[in-house]
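**Q** A structural model of the following input is requested.
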Amino acid sequence: MHERPAAPVNRRTALRAGLLAAAGAAGLAACGNGSSSAVAAAAIPATQPAPPDLSTHTVTRLVSSPGLTYSQIVERYEKAVPPLPAAALAAAIKSKPYKDVQALLAKASPVSLFIFYALDVTPFMTKAGHLAKCKTYLMGNPLIAETMYGENAGVMLYAPLRTAIYTDEVGAAHFSIDRPSDLFNSFSDPDIAAVGHTLDQKLIALLQHLKFPVPPALKA
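**A** Coordinates of the predicted model:
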């Protein structure tokens, strides 16, 4: 007695069978000890939110070396850039209209910049045996940051700007800051980029006010 030959398998039928088998394997994996987790993960539709965008960008570090001592650079910088009037600003924000807040800040700094925070790391580092001195600052202006904030609140990653005054291995003192336009160009927004270039110009004006050399890369 001869056996009848098997009917040819339709490609669509085979595909459906394969999908059902995969779904069954995923169900078994979910009920089992997790040994088939890779199969289960492949069978479950992705419902996780997409990861945040990643941005890679190049930043130019600017260094100005005025030929002064460390103490002289610190003194001149801190005299030119006043501390943010935090108490008066907080009171104005609480009780006055925004135009009065703007007026307060506009007249509080001759260079349109403020020191938000200063950190002198020298005592700790010298205690650890290091010879170099360094003091870092957060410098900026809330009025300038506000002009970018409406486009992307993430600009506050770089506002205020960070500056550093430090000595090198031979004791020479330097003033350093990242070029503002590089930082804000990274947001790929023309309005934010324009503010970054405005900050470049304010930095040039500050260095000239301090009588510090203006790095060529800042003028470019």
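
**Q** Low-confidence bits of this protein, can you list those?
**A** Along the chain, the parts satisfying pLDDT under 70 run over 1-52, 220.

**Q** can you pull out the helices in it?
**A** Using DSSP state H, the helices of the chain run over 11-31, 37-43, 70-80, 86-95, 98-106, 122-127, 142-149, 180-185, 190-210, 216-219.

**Q** Keeping just the C-alphas, turn the last one into PDB.
**A** These are the backbone C-alpha positions of helix 216-219, laid out as PDB (Å, rounded to 0.1, in the frame of the first residue of the first chain):
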ATOM      1  CA  PRO A 216      42.100  84.900  19.200                       C
ATOM      2  CA  ALA A 217      39.500  82.100  19.000                       C
ATOM      3  CA  LEU A 218      37.100  84.400  20.800                       C
ATOM      4  CA  LYS A 219      37.400  87.000  18.100                       C
END
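
**Q** got the buried residues for stretch 150-162?
**A** Neighbour-count burial for stretch 150-162 flags 155, 158, 159, 160, 161 (criterion: 16 or more other CB atoms under 10 Å). Backbone N, C-alpha and C define where each C-beta goes, glycine included.

**Q** now stretch 67-74
**A** 68, 70, 73, 74.

**Q** And stretch 185-202, by the same measure?
**A** Buried residues in stretch 185-202 (16+ other CB under 10 Å): 185, 186, 187, 189, 192, 193, 195, 196, 198, 199, 200, 202.
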